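Trainee: okay, sequence plus prediction incoming.
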Amino acid sequence: MAEDEVNYASIVIKTKKQPQSEAKNENETVYNEVKVNKEPAQVSAGLPSDNKAERCRWYQKLACGFGILCVILVLAIIGVCVHFVPPHKIDEQELKQLKANQTLLLDEIYNLTDLNNKLSSDFNIQVHNMTQEKENLTRELDEGKNKIQELQTEKKILTEQIETMEKTWNEQNVSRAQWSVDEYCPKENKRKCSSCQKDWTPSQSSCYAFNNAEPRDQKTWKEAREDCRVKSSDLTVVGDEEEKKFIKDNSWVNNNIKGYWIGLRAEGGKWKWIDGSDLTNQTWIHQQPAVDGQCVTSLQNREWESESCDERNAWHCEKKALSV
């Protein structure tokens with residue numbers, strides 16, 4: 001054939017039903033008409049026309065989906081390009097703004113760092129000042145406590161001095177009519193009066209009583225002082241070397257007496273007399289430490305010694321001599 005065109009004749013087959021009487025055979029077929037289609041049918045090789053239309057619709061859908069996919073891909077590429085723009089393509093004005101912001105941030109950081117250093121320095125200075133102030137207050141508190149203790153000790157001494165002065169005053173201002181004539185003007189001395197009572201030894205401007213008590217009658221330092229006070233006197237206070245020698249010479253050595261109490265004791269870490277004055281010559285007791293609870297005794301052939309105030313000894317009393 002000159003062309004690949006093939007013309008197929010359309011054949012229409014009709015079957016006419018014959019009456020039963022005329023029919024020879026139920027299955028007999030009569031071909032009455034044969035029509036020839038003058039228009040050639042365009043049919044794809046090997047594919048029916050319905051399949052071709054369906055495939056065209058399928059291709060259309062595929063092309064549409066592919067187009068949509070391309071659009072999405074293009075949009076995605078544009079988004080990626082926008083998102084990942086290289087630094088060198090950033091707008092110059094924006095870069096300048098970023099640099100300006102960076103400079104401001106660096107300045108702010110510098111200012112904050114400087115402020116932090118200043119605050120830390122001020123804080124350390126304040127802590128140092130407060131610590132120093134605390135130490136000063138603690139020292140002042142300790143000094144105040146010591147001062148209070150000294151004042152209490154001084155008050156005690158002054159109280160004792162007042163008591164002694166009151167007794168001396170009362171003794172000095174007592175009427176001669178109230179004196180015992182026999183004590184100051186004994187009959188056996190033809191009523192010749194003395195500045196000291198009977199059995200008291202005068203020396204300088206004082207009178208002394210040397211109590212040479214036996215062991216059973218010996219007293220503690222406090223008891224000895226009470227005995228002196230009952231006699232309107234007190235334990236002996238030594239003022240100079242002459243009086244010290246006088247007291248020592250009258251502190252006799254005896255097997256039953258190991259010492260005589262005098263009016264010197266340790267108080268507040270110092271040796272103090274009962275009149276409140278300090279012992280000025282420490283060699284009189286061989287530099288023995290002043291430990292509270294220790295009192296001093298005198299005895300011939302040795303220097304003064306400190307003993308517990310609770311020990312029992314003989315004692316010396318002293319009072320002012322009267323003017324006669």
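Mentor: Noted; the coordinates are in hand. Numbering: from 1, shown residues only.
Trainee: wait, a helix at Gly79?
Mentor: Yes - counting by DSSP: H, G, I helix; E, B strand; the rest coil, Gly79 is part of a helix.
Trainee: give me the neighbour count for it.
Mentor: 10 (other Cβ atoms under 10 Å). No exception for glycine: its C-beta is placed from N, CA and C like everyone else's.
Trainee: now it: how far from Gln126?
Mentor: Gly79 is 59 Å from Gln126, where distance means Cβ to Cβ, to the nearest Å.
Trainee: what about the strands in this protein?
Mentor: For the chain, the strands defined by DSSP state E occupy 201-203, 206-211, 234-235, 260-267, 270-273, 294-298, 305-308, 314-320.
Trainee: how is the chain carved up into domains?
Mentor: Per the record, the chain has its domains at 125-162, 199-320, by automatic domain parsing.
Trainee: where is the longest helix in this structure?
Mentor: The single longest helix within the chain, with elements called by DSSP state H, is helix 92-172.
Trainee: which strands and helices sit next to that one?
Mentor: strand 314-320 (3 or more Cβ pairs under 8 Å, 6 or more residues apart in numbering; DSSP states H and E).
Trainee: walk me through which strands the strand it packs on pairs with, and which way each runs.
Mentor: Strand 314-320 sits in its sheet next to strand 206-211 (antiparallel), strand 234-235 (antiparallel), strand 260-267 (parallel), going by DSSP bridges.
Trainee: where does the prediction get shaky in the stretch 101-250 of the chain?
Mentor: 161, 165-182, 184-191 (pLDDT under 70).
Trainee: nearest the middle, which residue of this structure would you pick?
Mentor: Residue closest to the mean C-alpha point of the chain, counted by Cα atoms, centre = their mean, is Thr131 at 11.2 Å.
Trainee: quick check: that residue vs Asp122, distance?
Mentor: Going from Thr131 to Asp122 by Cβ to Cβ gives 15 Å.
Trainee: what of Asp142?
Mentor: 30 Å.
Trainee: same deal with Ala213?
Mentor: 75 Å.
Trainee: the two: which is more packed in?
Mentor: Using other Cβ under 10 Å as the criterion, Ala213 and Asp122 rank with Ala213 on top: 17 against 10.
Trainee: that one - nearest residue in space that isn't next to it in sequence?
Mentor: Leaving out its chain neighbours, the residue that sits closest to Ala213 by Cβ to Cβ, 6 or more residues apart in numbering is Ala314, at 5.1 Å.
Trainee: in terms of pLDDT, where does Val12 sit?
Mentor: We note a pLDDT of 46 for Val12 in this prediction.
Trainee: nearest to Ile247, of the strands of the chain?
Mentor: strand 294-298 (5.4 Å; Cβ to Cβ).
Trainee: for the closest one, which outside residues touch it?
Mentor: 221, 247-248, 251, 258-262, 264-266, 271, 285, 288, 304-309, 313, 316 (Cβ atoms under 8 Å, 6 or more residues apart in numbering).
Trainee: that strand pairs with which strands, parallel or anti?
Mentor: strand 260-267 (antiparallel), strand 305-308 (antiparallel).
Trainee: from the chain's centroid, how far away is that strand?
Mentor: 48 Å (Cα atoms, centre = their mean, to the nearest Å).
Trainee: next one: stretch 312-324
Mentor: When distances are taken as Cα atoms, centre = their mean, stretch 312-324 is centred 59 Å away from the chain's centroid.
Trainee: CA atoms of that stretch as CSV?
Mentor: Provided in CSV are the C-alpha atoms of stretch 312-324 (Å, rounded to 0.1, in the frame of the first residue of the first chain):
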residue,chain,number,x,y,z
ARG,A,312,46.4,31.1,160.2
ASN,A,313,49.0,33.4,161.7
ALA,A,314,49.7,36.1,164.3
TRP,A,315,49.0,39.7,163.3
HIS,A,316,49.9,43.4,163.8
CYS,A,317,47.3,46.1,164.4
GLU,A,318,48.0,49.9,163.8
LYS,A,319,46.1,53.1,164.6
LYS,A,320,46.8,56.7,164.9
ALA,A,321,48.4,58.0,168.0
LEU,A,322,46.6,60.7,170.0
SER,A,323,48.1,64.1,170.6
VAL,A,324,48.6,64.6,174.3
